[in-house]
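Visitor: The amino acid sequence is not available; the structure is as follows:
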């Protein structure tokens, strides 16, 4: 039987597994979570008591359906799942995995990467302080731990998660002092029309959620700094629509500008990447089904950032492509493809409504920290330009921006923007940081005990 | 020292005791190490590269900001490791840890 490996058990990975199981195959799944669900449908640990409606709001039925489908496949022995495990590297037909079982190698004939996305971050001066988080972090803390990351939070950035996290926190009883959106109102209106045409109900739900934030919400904001003392943030400084400098006292900040695809493994698997001007990031290239390289299929936000509904569709499509390429009967997907195109229209309008704050980054002060991992400033990167030229990888080698432990996940796009502005070129010309294994930190002890075993044999 | 996080729900769980930099702290069963420490402390560790301190950032295992030390054994990622009774956690490397002396 064909060995199919799925990386990631979020909406895309679960639906891919389901389709393969329906075709009589037994996929192996590697997932970083303790329990399958991914980020948006993340499950709290066992013993927590909030209901699905409390955790997932309007999406409760979808979340529950995915969780129970996955659990049923697992209980029936139709899939093998390595939870709390990471694929850290790929070689020909082999995934190198670390997890509670130590280091292991898992061979595969077909690989489905459903690695999802993370917050797309733009540095704000002072963001290195303890108590500044990503918006996703604020949501994870609430959903999987039942906590707020501060007693008085400011949420800032742009995109659907900004409104969603704010309203989830407020509903749960947290104090949200301000919701600062960098998107201009004109963009939000123009994008909003396209969003409403593609998915009217989803758009309406978002608009209502926004309306409920009332005076806490501010549009067209420019973020100028986060002030901190020894215990963390004390205030966020910003400039309002009318050009007035303002500050909001707080003890925690969550930042995010929509999402950034997690592409390290697809890069290592040999998938081509291209700069996508609408999503303002490098994205893998694949056909409509997710075929991306020989025996490599992509699904979900790691391929196209369409959110959870789009990820479920993409998971089914990737598994369908896999079945077709194995010469097995596969279900008709004409309707899924049509729905996916609608999701794409919605996602593109969403990008227009909540744009990446390029201007804010291009004028980032020299002393602002750009790389949070190693405390490297925007000025340090600009100073590297004469030797590095307008090239992301050479800029990384000379300044170390992108070389820290997050491996460029949170600084790559901002760094490219800073380099491009200083060099006077378009951001796409700066290029993309090459992914390097291991794509997650790997404990050397796992490999030492392996070496001992090898020696003993 | 005051805690950073505010518990909003799920508070009726059994308590779990552990130490952090030698101080006895109490979390709840099901807490991550990050949650358990930050309910009593404003942060997790110093930064290696600047004057500021660190308290985690992404909480999804992508940023690697929240790795801390244990008195015995390997480092751990606080956002994805459940707290276990008896853990002896440290914000910085112990003075003597394997590798600083001759290997066994």
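Guide: Right, received. Where do you want to start? In this text the structure is predicted, and so the values were computed from the model without any measurement. Numbers count the residues shown, from 1 in each chain, chains lettered A, B, ... in the order given.

Visitor: mind checking how far stretch B:74-84 is from the chain centre?
Guide: On the basis of C-alpha atoms, centre = their mean, to the nearest Å, stretch B:74-84 sits 7 Å off its chain's mean C-alpha point.

Visitor: again, but for stretch A:73-85
Guide: 24 Å.

Visitor: Contacts made by that stretch with the rest, please.
Guide: Contact partners of stretch A:73-85, identified using C-beta atoms under 8 Å, 6 or more residues apart in numbering or on different chains, comprise A:9, A:17-18, A:21, A:26-36, A:70, A:97-101, A:106, B:80. (C-beta placed from N, C-alpha, C; glycine too.)

Visitor: Residue A:295 reaches residue A:111, doesn't it?
Guide: Yes. Between residue A:295 and residue A:111 there is a contact under C-beta atoms under 8 Å: 6.2 Å.

Visitor: who's more crowded, the two?
Guide: Ranked by neighbour count (other C-beta atoms under 10 Å in any protein chain shown), residue A:295 and residue A:111 place residue A:111 first, with 26 against 19.

Visitor: What average pLDDT does the helix or strand hosting the more buried one get?
Guide: Using DSSP states H and E, residue A:111 sits within strand A:110-113. For strand A:110-113, mean pLDDT rounds to 98.

Visitor: partner strands of it, parallel or antiparallel?
Guide: strand A:4-7 (parallel), strand A:296-298 (parallel) (DSSP bridges).

Visitor: would you list the ones you listed in CSV and tack on mean neighbour count?
Guide: Putting the strands paired with strand A:110-113 into CSV (neighbours: other C-beta atoms under 10 Å in any protein chain shown) gives the following:
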stretch, mean neighbour count
strand A:4-7, 27
strand A:296-298, 28
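
Visitor: Dump those into CSV; add mean pLDDT as well.
Guide: Listed next are these as CSV, based on pLDDT from 0 to 100:
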stretch, mean pLDDT
strand A:4-7, 98
strand A:296-298, 98
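
Visitor: TSV please, covering those and showing distance to residue A:196.
Guide: TSV is the format used below for the strands paired with strand A:110-113 (distance: least, C-beta to C-beta, whole Å):
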stretch	distance to residue A:196
strand A:4-7	34
strand A:296-298	29
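
Visitor: Which one of those strands lies nearest to residue B:3?
Guide: strand A:4-7 (35.8 Å; C-beta to C-beta).

Visitor: can you give me how far that closest one is from the chain middle?
Guide: 19 Å.

Visitor: Which residues does it contact?
Guide: By C-beta under 8 Å, 6+ apart, the list of residues contacting strand A:4-7 reads A:13, A:16-17, A:20, A:25, A:27-31, A:87, A:95, A:106, A:108-115, A:265, A:322.

Visitor: show me where pLDDT drops low in the chain?
Guide: Chain wasn't specified; assuming chain A. Low-confidence segments of chain A (pLDDT under 70): A:449-457.

Visitor: if you could check chain B rather than the one you did, that'd help
Guide: Looking along chain B with the criterion set at pLDDT under 70, you get B:1, B:96-104.

Visitor: where do the helices sit along chain B?
Guide: Assigned by DSSP state H, the helices in chain B fall at B:33-38.

Visitor: Return the set of buried residues in stretch A:326-346.
Guide: Neighbour counts over stretch A:326-346 (16 or more other C-beta atoms under 10 Å in any protein chain shown) mark A:326, A:330, A:333, A:336, A:340, A:342-344, A:346 as buried.

Visitor: what comes into contact with it?
Guide: With C-beta under 8 Å, 6+ apart as the criterion, stretch A:326-346 contacts A:2, A:19, A:23, A:110, A:194-195, A:197-199, A:202-203, A:288-289, A:304, A:306-307, A:309-310, A:313-314, A:316-317, A:320, A:323-324.

Visitor: go with 7 Å
Guide: A:2, A:23, A:194-195, A:198-199, A:288, A:304, A:306, A:309-310, A:313-314, A:316-317, A:320, A:323-324 (C-beta atoms under 7 Å, 6 or more residues apart in numbering or on different chains).

Visitor: Then stretch A:184-197?
Guide: With C-beta under 7 Å, 6+ apart as the test, stretch A:184-197 has contacts from A:203, A:219-220, A:345-346, A:349-350, A:352-353, A:355.

Visitor: Would you mind naming what in chain B lies close to chain A?
Guide: Listed as neighbours of chain A in chain B under the rule C-beta under 7 Å from any C-beta of the partner chain: B:4-10, B:13, B:29-32, B:35, B:42-43, B:47, B:49-50, B:52-55, B:57-64, B:74, B:82.

Visitor: one step back: any idea which of the contacts of stretch A:184-197 is closest to residue A:135?
Guide: For the contacts of stretch A:184-197, the residue nearest residue A:135 by C-beta to C-beta is residue A:350; the value is 15.1 Å.

Visitor: Buried subset of the residues of chain B next to chain A, written for ChimeraX?
Guide: In ChimeraX, this line selects whichever of the residues of chain B next to chain A come out buried by 16+ other C-beta under 10 Å:
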select /B:4,5,6,7,8,9,10,13,29,30,31,32,35,42,43,47,49,50,52,53,54,55,57,58,59,60,61,62,63,64,82
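
Visitor: among the residues of chain B next to chain A, which are in strands?
Guide: Taking DSSP state E, the ones among the residues of chain B next to chain A that sit in strands are B:6-7, B:53-54.

Visitor: Tell me the bridge partners for residue A:218.
Guide: residue A:180.

Visitor: Residue B:88 too?
Guide: Counting by DSSP bridges, residue B:88 forms beta bridges with residue B:19.

Visitor: how near is it to chain A?
Guide: 18 Å (C-beta to the nearest C-beta, to the nearest Å).

Visitor: residues in contact with that residue?
Guide: Taking C-beta under 7 Å, 6+ apart as the test, what residue B:88 contacts is B:19, B:70-72.

Visitor: Would you show me how to pick out the buried ones of those residues in ChimeraX?
Guide: To isolate the buried members of the contacts of residue B:88 in ChimeraX, using 16+ other C-beta under 10 Å:
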select /B:70
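
Visitor: Now flag whichever of the contacts of residue B:88 is closest to residue A:405.
Guide: Ranked by distance to residue A:405 (C-beta to C-beta), these are led by residue B:70 at 18.4 Å.

Visitor: Verify the stated contact: that closest one with residue B:81.
Guide: No. Counting by C-beta atoms under 7 Å, residue B:70 stays clear of residue B:81, with 9.9 Å between them.

Visitor: still on that earlier bit, can you put the buried residues of stretch A:326-346 in TSV and add secondary structure?
Guide: Below are the buried residues of stretch A:326-346 laid out as TSV (DSSP: H, G, I helix; E, B strand; the rest coil):
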residue	secondary structure
A:326	coil
A:330	coil
A:333	coil
A:336	helix
A:340	helix
A:342	helix
A:343	helix
A:344	helix
A:346	helix
